[in-house]
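>>> Sequence first, predicted model second:
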Amino acid sequence: MPEVGEQSGEGPNNRREAESLPARLRWKPPRFLENAVWLPAFDRMTFNRMTVDRRLGSSRTLTRRSQSGYGRSEMSTRERLRERLAVELDDEQLADRVTDALTDSLVADIDRLVGGNLETSPHLSYRADVVAPNDVTVVFAFAYGYRFAPGVDAPEDGSILPQSSLVPGPVNEELARLIAAFVADHPVPIVAQWEIALVLETLGVACLISVEPDTANDGSVIYLSTVGVAEKGARMAAEASIDTATVAVFGHADHAVRCLAATRSVCAAAGVAEGVVLPTFYDSRSGQPWTRDRATWIPVDLFARTRTTP
């Protein structure tokens, strides 16, 4: 298992490794998704079981589906979704695992989101649009996960700890490095979620607005969603008279399409700057369990798309 500071391609990748994780790092449904319609499936399938044998073939998967009581029409929809995800994720086995993890109600929600067009709807894309670097007027940066500071344990109740108890983590550090390189050649203002802004400050990057988390009356930290980051960032940019005509979005590669959708809801145009390669690796020690590996992240992302896409 990678030590702190190392990067992981997919997080824990077998049952033995997952079971060796401390209890505080094992999967539990995040507080902000406690009422999500798909969570019962994850309750039955603990984080350790999410790391099923990657040698599982599609024939065995199809047999399991046929034994689970899916009707013909539902099975057709699920299979069409699997085929689309296999293309978007470029991974047939991962598409099998993801579609198996989805409840019938979430599959139906996805089908409604795309109006039945599972094959080509942009709502299921994992390939972000690009913008010309010379057209960019501002950078919006979305954090992906974080780590607990040394000596800090994960809260038992799943609450969000104050910033002083957290550190950015390797994905946000990589995003900060990419942004610093981009603005060195294309000097534009930056609106970045605090995890990335903190690293940018250490790199000496100027013209920076940090999107800080909100706090409740009792001082607890309020979860800031992807849409919430975009909306708050746009307000802060407007207050600073920053031109948001064309936004270059930086985020994890598997989060980028939803980051673009959130940004476009508050700004005129947005895309990933052409030539920028966003990070694809996952941090197996992330303080947000749903950001530790791709098989756990994609169902969460699909659920969020059904709730936030116009």
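Yes, it's here.

>>> how about the strands of the stretch 151-300 of the chain, start to end?
Counting by DSSP state E, counting those that start in this stretch, the stretch 151-300 of the chain has strands at residues 166-167, 190-193, 208-211, 214-215, 221-222, 246-250, 269-273.

>>> Kindly present those strands as a markdown table, with separate columns for mean neighbour count.
Backbone N, C-alpha and C define where each C-beta goes, glycine included. Formatted as a markdown table, these follow (neighbours: other CB atoms under 10 Å):
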| stretch | mean neighbour count |
| --- | --- |
| strand 166-167 | 20 |
| strand 190-193 | 28 |
| strand 208-211 | 20 |
| strand 214-215 | 12 |
| strand 221-222 | 14 |
| strand 246-250 | 27 |
| strand 269-273 | 22 |
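
>>> got CSV for the ones you listed, with distance to Arg80 and mean pLDDT too?
Shown next, in CSV, are the strands of the stretch 151-300 of the chain (distance: least, CB to CB, whole Å; pLDDT from 0 to 100):
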stretch, distance to Arg80, mean pLDDT
strand 166-167, 40, 91
strand 190-193, 35, 97
strand 208-211, 38, 95
strand 214-215, 39, 84
strand 221-222, 38, 79
strand 246-250, 29, 98
strand 269-273, 27, 97
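
>>> can I get those strands in JSON lines with distance to Trp297?
Below are these laid out as JSON lines (distance: least, CB to CB, whole Å):
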{"stretch": "strand 166-167", "distance to Trp297": "19"}
{"stretch": "strand 190-193", "distance to Trp297": "17"}
{"stretch": "strand 208-211", "distance to Trp297": "21"}
{"stretch": "strand 214-215", "distance to Trp297": "24"}
{"stretch": "strand 221-222", "distance to Trp297": "22"}
{"stretch": "strand 246-250", "distance to Trp297": "17"}
{"stretch": "strand 269-273", "distance to Trp297": "18"}
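
>>> And stretch 200-219, what's buried?
By neighbour count on 16 or more other CB atoms under 10 Å, the buried set for stretch 200-219 is Leu200, Val205, Leu208, Ile209, Ser210, Val211, Pro213.

>>> Leaving out the residues flanking it, which one is nearest to Ile222?
Leaving aside its chain neighbours, Ile222 sits nearest to Asp214 (4.4 Å; criterion: CB to CB, 6 or more residues apart in numbering).

>>> mind listing what that neighbour touches?
Residues near Asp214 by CB atoms under 8 Å, 6 or more residues apart in numbering: Val221, Ile222, Leu224, Lys232.

>>> and stretch 200-214, how far apart are its ends?
Using CA to CA, to the nearest Å, one end of stretch 200-214 lies 21 Å from the other.

>>> Show me how far it is from its chain's centre.
21 Å (CA atoms, centre = their mean, to the nearest Å).

>>> next one: stretch 301-310
Taking CA atoms, centre = their mean, one finds stretch 301-310 lying 12 Å from the centre of the chain it belongs to.

>>> swap in stretch 107-123?
Between the mean C-alpha location of stretch 107-123 and the chain-wide mean there is a distance of 19 Å, by CA atoms, centre = their mean.

>>> Now do the buried residues in that stretch.
Val107, Ala108, Asp109, Ile110, Asp111, Leu113, Val114, Leu118, His123.

>>> Ok, stretch 130-138 next?
Across stretch 130-138, burial judged by 16+ other CB under 10 Å covers Val131, Pro133, Val136, Thr137, Val138.

>>> of all the residues you listed, which comes closest to Thr103?
Val131 (36.2 Å; CB to CB).

>>> who's in contact with Leu208?
Taking CB under 8 Å, 6+ apart, we find Leu208 in contact with Pro189, Ile190, Ala192, Ala197, Leu200, Glu201.

>>> one more time with 6 Å, if that's ok
Going by CB atoms under 6 Å, 6 or more residues apart in numbering, Leu208 touches Ile190, Ala197, Leu200.

>>> Could you report the separation of it from Glu201?
Noted for Leu208: a distance of 7 Å to Glu201, by CB to CB, to the nearest Å.

>>> quick one on the thing from earlier: could you dump the contacts of Leu208 into a markdown table and include distance to Val87?
Below are the contacts of Leu208 laid out as a markdown table (distance: CB to CB, whole Å):
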| residue | distance to Val87 |
| --- | --- |
| Ile190 | 33 |
| Ala197 | 35 |
| Leu200 | 35 |
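
>>> still on that earlier bit, with respect to Ala237, which of the strands of the stretch 151-300 of the chain lies nearest?
Across those, closest to Ala237 is strand 190-193 (CB to CB), at 5.4 Å.
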